[in-house]
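1. no sequence for this one, just the structure:
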């Protein structure tokens, strides 16, 4: 998952992408990668030390990470950076989503990429509102989290805390394959790394993700999808 996300970020134009992983995972990652850099991060202390390098401004956290305390601690350390929170990263805050939202005040720099189940974990009351449509729910979530929301599905909605919202219609049905979301998270991160604001990065990434799906064609795998991502 991390490798597919990283490759997508590099393909969309990030320039330099590093996978930060436990020491025990470095050999496996190295065997499958060439242009992607690797950095050993075993715990929060190691991440805190690495973040002394102020050039590190954009992160994707979640794909293949694992759910729990470690993810929450890492997110707290990344609160002043641009962050795409996906998959396990989202689910790690299901018991206390407000803690996540409180970390990211000011200029929106957080992008959340939930599917229906993950959306309900972070925003249970909004998800349960039977009178609200998907756009209304995404906008309410964006306002609460002060984040760009990519509410995934066949009709993915991208919402901003300032009230803007878009519905993507560029996604072929065969995008619904394992690992597709990891690729999307990497595309968003790659655009954020190039200075694109959170909402615009999320919206452009969803469209580019759909385009990659069209180019890869029916029967694609997530690896195929990442290979068909084009620069922004």
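-> In hand now; what should we look at? Keep in mind that what you see is a predicted model, and the values were worked out from it rather than measured. Residues are numbered from 1 along each chain as shown.

2. residue 175 and residue 208 touch, don't they?
-> No: with contact taken as C-beta atoms under 8 Å, residue 175 and residue 208 are classed as non-touching, separated by 12.0 Å. (Glycine included, C-beta is placed from N, CA and C.)

3. and the helices in the chain?
-> Using DSSP state H, the helices found in the chain span residues 2-11, 26-32, 44-50, 69-77, 88-91, 97-103, 116-122, 124-127, 134-145, 180-192, 198-216, 222-227.

4. other SSEs contacting the fifth one?
-> Which is helix 88-91. Helix 88-91 sits against helix 69-77, helix 116-122, with contacts defined as 3 or more C-beta pairs under 8 Å, 6 or more residues apart in numbering; DSSP states H and E.

5. related to what we said a few turns ago, pick the most deeply packed of the helices of the chain.
-> helix 180-192 (a mean of 29; mean count of other C-beta atoms under 10 Å).

6. elements contacting it?
-> For helix 180-192, the packing partners by 3+ C-beta pairs under 8 Å, 6+ apart are helix 2-11, strand 58-61, strand 82-85, helix 198-216, helix 222-227.

7. any idea of the mean pLDDT for the fourth one?
-> Mean pLDDT, helix 198-216: 98.

8. please apply the same query to the third one.
-> Averaging the model's pLDDT scores along strand 82-85 yields 98.

9. pull up the pairing partners for that strand, direction included.
-> Strands adjacent to strand 82-85 in the sheet, as given by DSSP bridges, are strand 58-61 (parallel), strand 110-112 (parallel).

10. what is the mean pLDDT for the first one?
-> Taken as a whole, strand 58-61 has an average pLDDT of 98.
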